[in-house]
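Asker: structure, please.
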Amino acid sequence: MIKQFVPEEACLKCSGCCRFKEADSVWSPCLLEEEILSLVDKEGVPALSLSLNKRIVPVPIEGKDGFFCPCLSVADNKCKIYAMRPFECQLYPFLIAFRNKKVLLTVDLNCPYAREKADSREFKEYVNYLDEFLNSPKFIRVLKENPHLIQAYEDALDCCELNIQDETK
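Answerer: Purely as a prediction, here's the structure:
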């Protein structure tokens, strides 16, 4: 588990993340191999909820355009697997992106909490924490084994360049 930036109470008030415009959205969380096994074995997530490209497969929102994560309880806006949620869910609203031949730590400013805190000392300290964590030998090894965690996110603000591209590409 990584230290969280957005407090749980802020997440519960928002209805932005865990919802997607398309079923094959780049925003749908990518999973580590061990997360797939854990979700299916321990959390009871149906294997059909996981795609071959190691993503959670969103389900249609009834009566509306769009999709949502099958692990989201829409009634109370809570994650059914919060204690065991995937790495990318823990990291959000921060994302690992590949842009201009660089691996970047980015942030999705569609998250109201991140947008509000983007110029704060708390935000800068958290970015430094993530920079150190993501550049650790342990995480570089994880990324080598799971290069699909690096995505081409659009509309995300660059926070810093990560020094891992030579290790993963």
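Asker: quick one: Cys111 from Lys80, how far?
Answerer: Taking C-beta to C-beta, to the nearest Å as the measure, Cys111 falls 20 Å from Lys80. All C-beta atoms are positioned from the backbone trio N, CA, C, and that covers glycine.
Asker: more crowded one of these two?
Answerer: Shown here are Cys111 and Lys80; by other C-beta atoms under 10 Å, Cys111 has more neighbours (21 against 15).
Asker: thinking that one is in contact with Lys13, fair?
Answerer: No: the pair Cys111 / Lys13 is not scored as a contact, 11.5 Å apart, by C-beta atoms under 8 Å.
Asker: how far away is Lys78 from Leu39?
Answerer: From Lys78 over to Leu39 the distance is 17 Å, taken as C-beta to C-beta.
Asker: actually Ile56, not the one I wrote
Answerer: 8 Å.
Asker: do you know the pLDDT at the residue of the chain positioned farthest from its centre?
Answerer: Using C-alpha atoms, centre = their mean, the residue of the chain lying farthest from its centre is Gly63. It sits 26.2 Å away. At Gly63, the model reports a pLDDT of 82.
Asker: that one: helix or strand, and which one exactly?
Answerer: In the assignment (DSSP states H and E), Gly63 maps to no helix and no strand.
Asker: what of Cys159?
Answerer: Assigned by DSSP H and E, Cys159 belongs to strand 157-161.
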